[in-house]
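Colleague: kindly generate the corresponding structure for this input.
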Amino acid sequence: MHISLDSALGRQKRLNSVGESVLQIAPDAAAAYSLRSLTGGDPDVVRVRRESDNTEKDFSGSQIESGEMADWVGAGNDGFVQTWYDQSGNAEDLIQSADANQPKIINSGSLITGGMRFDDNQFLETADTFTYGSGTTLSTFITNNSDGDESAYLLRFASDYIVYNTGGGVRRVFAGTNANAGNVTGDEELWTIISELNTAGGTSNFYVDGTLESAAGAAIGTNTVSNRVLNIGGSGATTHWNGTVNEVIIYATDQSSNRPAIEANIINHYDI
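Modeller: Numbers count the residues shown, from 1 in each chain. You can find the predicted model right below:
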């Protein structure tokens, strides 16, 4: 037995076949991860491990939506993400080889609402490192639902640049100094963070569902990114993400001009 992606999310819409995908609206992402196609084609988006026999298999967004992935995992069985494929063309795949640390995507035969589920110490990480010096603008679009009960790292380039929330559910971005952006709602949210990294003091604009939630140009500190892996979900028992994640798209450029179109695409698709 399976449920479709639309049914599992309860509100998610299929990509309009005549509309542009995110990477058609704004190409040249540094890294792009989703459970749907971001390219306009139908690439593999995840590699899933079936817990019943530890077999692994790749699936595209259409195969997730059709229920093929849930059927393959099987009724009553759980499925976990071993690889979240980078759709940007840069081959910056997020990987987790340790079974116990893999986020769950199928629970007891059914697709998890809101994407893959991170709890306790589940995380995904790139093999390659990233370096972004002073003057770089990072534009990040994250579709997630936080439990809001931990000081949890959702996205981080090791300890240099971090997007996370506190145990009270306060959304934060950090590059040596915290900048807050209100509290999580308990619903699926789109976080758009456009940050300038600067050794003299970086700034960040934090949008939630298309609305600016932090003070424009909030100070985030002097950290840049130097030879750091990209991590989704934290990496320790005291910093792990509790919640779900559907999509993470990162540009190493200022996407302010494309932001409304990218946000409209995401908000329409997930009916946020």
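Colleague: okay, CA-based contacts and neighbour counts for the rest of this
Modeller: Fine.
Colleague: ok, the closest residue to Phe174 other than its chain neighbours - contacts?
Modeller: The shortest distance from Phe174 to any non-neighbouring residue, by CA to CA, 6 or more residues apart in numbering, is to Ile162 (5.0 Å). Ile162 makes contact with 153-156, 173-175, according to CA atoms under 8 Å, 6 or more residues apart in numbering.
Colleague: let's see it at 10 Å
Modeller: Applying CA atoms under 10 Å, 6 or more residues apart in numbering to Ile162 gives the contacts 153-156, 172-176, 178, 230-231, 234.
Colleague: ok, now Asp93?
Modeller: Going by CA under 10 Å, 6+ apart, Asp93 touches 31-33, 45-46, 83-87, 124-128, 230.
Colleague: try it again with 7 Å
Modeller: Asp93 makes contact with 83-86, 126, according to CA atoms under 7 Å, 6 or more residues apart in numbering.
Colleague: over to Ile262?
Modeller: For Ile262, the contact set (CA under 7 Å, 6+ apart) comprises 22, 25.
Colleague: backbone dihedrals for it, please?
Modeller: In terms of degrees, to the nearest 10, the main-chain angles of Ile262 are phi -60, psi -50.
Colleague: list the contacts for the residue in the chain sticking out farthest from the centre?
Modeller: Using CA atoms, centre = their mean, the residue of the chain lying farthest from its centre is Ala200. It sits 28.7 Å away. Counting by CA under 7 Å, 6+ apart, Ala200 makes contact with Thr222.
Colleague: how about the secondary structure of it?
Modeller: Here Ala200 is recorded as coil under DSSP: H, G, I helix; E, B strand; the rest coil.
Colleague: pLDDT wise, what is it at?
Modeller: On pLDDT, Ala200 comes in at 97.
Colleague: relative to Ser256, how far out is the residue lying closest to Phe141 once chain neighbours are set aside?
Modeller: What sits nearest to Phe141 in space, not counting adjacent residues and going by CA to CA, 6+ apart, is Thr192, at 4.6 Å. Counting by CA to CA, to the nearest Å, the separation of Thr192 from Ser256 is 10 Å.
Colleague: the more surrounded of those two?
Modeller: Legend: neighbour count by other CA atoms under 10 Å for Thr192 and Ser256, higher for Thr192 (26 against 14).
Colleague: that one and Asp99: what is the separation?
Modeller: Thr192 is 31 Å from Asp99, by CA to CA.
Colleague: residue ranges of the strands in the stretch 1-150 of the chain, please?
Modeller: Assigned strands in the stretch 1-150 of the chain, in chain order: 31-34, 44-50, 55-60, 79-84, 94-95, 104-107, 110-111, 116-118, 124-132, 137-146 (criterion: DSSP state E, counting those that start in this stretch).
Colleague: neighbouring strands - and their directions - for the second one?
Modeller: Strand 44-50 sits in its sheet next to strand 55-60 (antiparallel), strand 79-84 (antiparallel), going by DSSP bridges.
Colleague: what about the first one, distance to the chain center?
Modeller: Think strand 55-60. Distance of strand 55-60 from the chain centroid (CA atoms, centre = their mean, to the nearest Å) equals 19 Å.
Colleague: over to the last one?
Modeller: Centroid displacement of strand 79-84 relative to its chain, using CA atoms, centre = their mean, is 14 Å.
Colleague: let me see the mean pLDDT of that strand.
Modeller: The average of the pLDDT scores along strand 79-84 is 98.
Colleague: list the buried ones in that strand?
Modeller: Neighbour-count burial for strand 79-84 flags 79-84 (criterion: 16 or more other CA atoms under 10 Å).
Colleague: could you dump the residues you listed to JSON lines with distance to Asn268?
Modeller: Converted to JSON lines, the buried residues of strand 79-84 look like this (distance: CA to CA, whole Å):
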{"residue": "Gly79", "distance to Asn268": "27"}
{"residue": "Phe80", "distance to Asn268": "27"}
{"residue": "Val81", "distance to Asn268": "25"}
{"residue": "Gln82", "distance to Asn268": "28"}
{"residue": "Thr83", "distance to Asn268": "26"}
{"residue": "Trp84", "distance to Asn268": "23"}
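Colleague: which helix or strand in this protein has the lowest average pLDDT?
Modeller: When each helix and strand of the chain is scored by mean pLDDT, DSSP states H and E, helix 5-9 comes last, with a mean of 39.
Colleague: I am finished for the moment; much appreciated.
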